[in-house]
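Peer 1: Build me a model from this:
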Amino acid sequence: MRLHKAKRDFGYDINIAPLIDVVFLLIVFFLTVSHIAQVRVEALSLPEAQQGDKADEVSDARIIINVTEEAHIVISGQKRSTEYISQLLDREIQQLGQGAVSVLIRADRKVAWKIVSEILQVCSQKGIMNVGVGVIEPGQSDISTSEE
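Peer 2: So this is what the prediction gives:
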């Protein structure tokens, strides 16, 4: 009786199925995050400013309030009221503290200043002094989605 010895194979196999899964999940993650970032900022025709200071830093804690040409207040892609802004600022002050809350108001150049003034009054009542207004430099494109 003759016994056969099993041949030993010392090669390595690389299983790429988990790698494909991880790459797919990363693609889905980055697409979702980029969509959420775009929802915060509406495409508006911002007013021009001859002078001003550029924002030092744009943090995720900054509240971005958009005012459309139709005078709708939009926050994170949803129409809101000044009462909602007041409640939102109260929540942010409780979470972050008085000095850490910052607001960026981006209003279309055709909207009445009265609406922006109401938002500024709400911020002032809550004691928030770090409030900015989104503008463009003269000569920039008319429709802006950037944060100034």
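Peer 1: ranges for the helices of the protein?
Peer 2: In the chain, the segments counted as helices under DSSP state H are 17-39, 82-96, 113-125.
Peer 1: closest to A49 out of those helices?
Peer 2: A49 sits nearest to helix 113-125 of all the helices of the chain, at 13.8 Å, using Cβ to Cβ. Every residue, glycine included, has its C-beta placed from N, CA and C.
Peer 1: thinking again about what came up before, now mean neighbour count too, for the helices of the chain, in a markdown table please.
Peer 2: Below are those laid out as a markdown table (neighbours: other Cβ atoms under 10 Å):
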| stretch | mean neighbour count |
| --- | --- |
| helix 17-39 | 10 |
| helix 82-96 | 14 |
| helix 113-125 | 14 |
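Peer 1: Of these, which is nearest Q51?
Peer 2: Nearest of these to Q51, taken as Cβ to Cβ: helix 113-125 at 18.3 Å.
Peer 1: So which elements touch that closest one?
Peer 2: Using 3 or more Cβ pairs under 8 Å, 6 or more residues apart in numbering; DSSP states H and E as the contact criterion, the secondary-structure elements in contact with helix 113-125 are strand 63-67, helix 82-96, strand 103-107, strand 131-133.
Peer 1: Now render the ones you listed as JSON lines, adding distance to K114 and mean pLDDT.
Peer 2: Written out in JSON lines, the entries for those read as follows (distance: least, Cβ to Cβ, whole Å; pLDDT from 0 to 100):
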{"stretch": "strand 63-67", "distance to K114": "11", "mean pLDDT": "89"}
{"stretch": "helix 82-96", "distance to K114": "11", "mean pLDDT": "91"}
{"stretch": "strand 103-107", "distance to K114": "11", "mean pLDDT": "89"}
{"stretch": "strand 131-133", "distance to K114": "15", "mean pLDDT": "87"}
